[in-house]
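Novice: Mind looking at a prediction? Sequence and model below.
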Amino acid sequence: MDSIIEDVQVRKILDSRGNPTVEVDVITWNGFGRAAAPSGASTGSREVVSFPEGGVDVIVSEIEDIIASELIGMDAEDIATIDEVLREVDGTDNLSAIGGNTTVAVSMAVAKAAAASYNMPLYKFLGGNLVNELPFPLGNMMNGGAHAGVNAPDIQEFLVVPVGAKNMVEAVFANSSIHKKLKELIQTKDSNFTGGKGDEGGWVPNITNDAALEIQAQACEEVGDELGIEIRPSLDMAASELWNADEQKYIYAQDGIKRDTGDQIDFVKDIIDTYNMFYVEDPFDESDFDGFAQLTSKVGDKCLICGDDLFVTNKEILAKGIEMNAANAIIIKPNQIGSLSETYATVKLAKENDIVPVVSHRSGETTDATIAHLAVGFGSPMIKTGAIGGERIAKLNELIRIEEELPNPKMGEF
Ligand SMILES: C=C(OP(=O)(O)O)C(=O)O
Ligand SMILES: [Mg+2]
């Protein structure tokens with residue numbers, strides 16, 4: 001009774017790139033949940049479609065009524081059933097009729113309303129009373145590729161993980177210290193640097209990929225020594241954006257270099273060995289399961305090789321990756337698959353097969369902090385959600401609050 005849905009409201013709001021996105025309120029007899037959908041720029045081709053034809057305006061003017069009439073009277077606790085109803089209302093495989101961003105915002109708002117109906121935070125509603133692990137924050141330090149402008153490095157994201165941090169507060173401040181240190185180090189390499197940032201708040205320097213790798217490692221070492229904790233460099237190569245199918249090569253425009261798959265395997269392996277990388281995401285094109293598998297067999301014992309565009313949070317695609325030993329980590333972005341229950345199914349399959357689930361933001365975000373709760377509730381040992389910027393710190397600060405609430409908090413285990 002407490003969690004029976006009484007109303008569903010949908011509105012158009014701004015995302016961090018200034019684009020429209022959708023926010024949903026779900027009102028139950030005794031609760032309220034609000035969630036907003038993010039948007040990607042370097043999207044995987046097998047993701048569900050974010051918005052229907054006509055965009056957010058169509059959702060607000062037409063789709064809101066259809067969803068509200070289906071959901072009013074249902075119990076918000078029945079998240080999986082509600083997600084099925086949303087899929088039925090849409091009627092397509094890729095959610096193109098009402099948009100995956102619509103379904104995911106409704107699905108997350110429903111879960112938050114259900115939790116609120118019983119005066120529970122979402123992480124506890126999803127994970128139970130015994131959850132006590134916090135995710136290490138994978139912080140974005142420098143941006144290139146599709147998240148930056150011309151003259152930036154080709155590699156999309158230079159990231160760091162404060163693996164030695166003993167708690168969330170220490171971890172997020174370690175990342176912000178590296179971000180500050182990198183500004184100084186960039187200025188020594190790029191005298192015209194004016195402090196410009198990319199979509200996720202990382203600096204956008206006009207330097208080569210090699211120079212960026214060098215200062216990333218230097219910042220980890222210097223700040224790690226100052227703080228007395230180990231901080232490891234990581235990357236999202238977003239290699240689908242570099243892949244030219246006609247030439248069958250990865251194009252590194254900033255460096256003026258083209259690499260075939262064999263060269264790319266050697267190049268990435270060399271980076272991992274040289275810089276002691278903790279984590280490398282999407283080192284190959286989204287269709288190249290074999291390239292992933294070859295790299296994972298060479299370095300998977302010492303580095304997380306993570307599929308984002310490769311898996312698109314899709315359980316069936318992950319199953320193929322597991323069969324091929326393609327990766328040992330997976331990015332979890334709820335709007336790639338369109339609902340919370342399908343997101344959970346993918347996390348569950350990953351954990352059952354020792355694949356590390358990394359709950360993640362998108363490059364276009366809002367101040368919605370739901371993914372902080374998903375990371376804790378799902379037991380994800382790592383969260384990728386930037387380091388600075390309002391829409392990024394919304395999640396990090398929520399994790400600090402969650403840490404304060406937990407009875408025996410500890411950092412996650414890999
Ligand atoms: C967060 C990412 O970017 P986007 O949201 O643009 O896909 C990513 O590629 O991991
Ligand atoms: Mg990625």
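Specialist: In hand now; what should we look at? Ligands and ions are numbered 1, 2, ... in the order given.
Novice: What strands line up against the helix or strand I251 falls within, and which way round?
Specialist: Here I251, judged by DSSP states H and E, is contained in strand 249-252. Strands that pair with strand 249-252, judged by DSSP bridges, come out as strand 243-244 (antiparallel), strand 257-259 (antiparallel).
Novice: Can I get those strands in CSV including mean pLDDT, mean neighbour count and distance to K12?
Specialist: To be clear about C-beta, it is placed using only N, CA and C from the backbone, and glycine gets the same treatment. Below are the strands paired with strand 249-252 laid out as CSV (pLDDT from 0 to 100; neighbours: other Cβ atoms under 10 Å; distance: least, Cβ to Cβ, whole Å):
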stretch, mean pLDDT, mean neighbour count, distance to K12
strand 243-244, 98, 16, 34
strand 257-259, 97, 16, 42
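Novice: and of these, who's closest to ligand 2?
Specialist: strand 243-244 (13.8 Å; Cβ to the ion).
Novice: follow-up on the earlier one: now find how far off-centre the strand holding I251 is within its chain.
Specialist: In terms of Cα atoms, centre = their mean, to the nearest Å, the centre of strand 249-252 is found 24 Å from the chain centre.
Novice: List the contacts of that strand.
Specialist: 154, 209, 239, 242-244, 258-260, 263-264, 285 (Cβ atoms under 8 Å, 6 or more residues apart in numbering).
Novice: Doesn't I155 lie inside a helix?
Specialist: No - counting by DSSP: H, G, I helix; E, B strand; the rest coil, I155 falls outside a helix, being coil.
Novice: residue of this protein with the smallest distance to ligand 2?
Specialist: Closest residue of the chain to ligand 2, Cβ to the ion: D308 (3.5 Å).
Novice: Would you quantify the distance from that residue to L138?
Specialist: D308 is 12 Å from L138, where distance means Cβ to Cβ, to the nearest Å.
Novice: cool, and Y118?
Specialist: Y118 is 32 Å from L138, by Cβ to Cβ.
Novice: who's more crowded, these two?
Specialist: L138 (28 against 14; other Cβ atoms under 10 Å).
Novice: Model confidence for that one, exactly?
Specialist: L138 carries a pLDDT value of 98.
Novice: Can you pull out the low-pLDDT segments for the stretch 101-250 of the chain?
Specialist: Along the stretch 101-250 of the chain, no part satisfies pLDDT under 70.
Novice: Helices of that one, start to end?
Specialist: Remark: helices assigned in the stretch 101-250 of the chain by DSSP state H, counting those that start in this stretch are 122-127, 168-189, 209-227.
Novice: Quick one, which of those gets closest to ligand 1.
Specialist: helix 168-189 (15.9 Å; Cβ to the nearest ligand atom).
Novice: about what we covered before: turn the helices of the stretch 101-250 of the chain into a markdown table, columns for distance to Q248.
Specialist: Written out in a markdown table, the entries for the helices of the stretch 101-250 of the chain read as follows (distance: least, Cβ to Cβ, whole Å):
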| stretch | distance to Q248 |
| --- | --- |
| helix 122-127 | 43 |
| helix 168-189 | 32 |
| helix 209-227 | 21 |
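Novice: What's opposite the spatially most central residue of the chain in the beta bridge?
Specialist: Central residue of the chain (Cα atoms, centre = their mean): S360, 1.7 Å from the mean position. Residues in a beta bridge with S360, per DSSP bridges, are K384.
Novice: How about F32?
Specialist: On the basis of DSSP bridges, F32 is bridged to I27.
Novice: wait, isn't it in contact with Q9?
Specialist: No - using Cβ atoms under 8 Å, F32 makes no contact with Q9, being 10.4 Å away.
Novice: Quickly list what's touching both of the two.
Specialist: Contacts common to F32 and Q9, judged by Cβ under 8 Å, 6+ apart, are D25.
Novice: For the stretch 201-350 of the chain, which residues are neighbours of ligand 1?
Specialist: 236, 238, 308, 331 (Cβ under 6 Å from any ligand atom).
Novice: State the pair within the residues you listed that is farthest apart.
Specialist: A238 and I331 (10.9 Å; Cβ to Cβ).
Novice: any shared contact partners between these two?
Specialist: 281, 308.
Novice: count of residues packed around the closest residue to V104 other than its chain neighbours?
Specialist: Nearest residue to V104, sequence neighbours excluded (Cβ to Cβ, 6 or more residues apart in numbering): N335, at 4.5 Å. Neighbour count of N335, defined by other Cβ under 10 Å: 28.
Novice: Can you report how many residues lie near T92?
Specialist: The tally of other residues near T92 (other Cβ under 10 Å) stands at 12.
Novice: How about the secondary structure of it?
Specialist: Strictly by three-state DSSP, T92 counts as coil.
Novice: cool, D309 as well?
Specialist: coil.
Novice: Excluding sequence neighbours, find me the nearest residue to it.
Specialist: Closest to D309 by Cβ to Cβ, 6+ apart is G44, at 3.6 Å.
Novice: returning to what we had before: ok, the residue of the chain closest to ligand 2 - contacts?
Specialist: 44, 236, 238, 281-282, 330-331, 333, 360.
Novice: repeat for A375
Specialist: Residues in contact with A375 (Cβ under 8 Å, 6+ apart) are 134-135, 359, 382-383, 399.
Novice: Pick the one among these closest to V204.
Specialist: Nearest member of these to V204, counting by Cβ to Cβ, is I383, at 22.9 Å.
Novice: S177 against V223, yeah?
Specialist: Yes - S177 is within contact range of V223, at 4.9 Å (criterion: Cβ under 8 Å).
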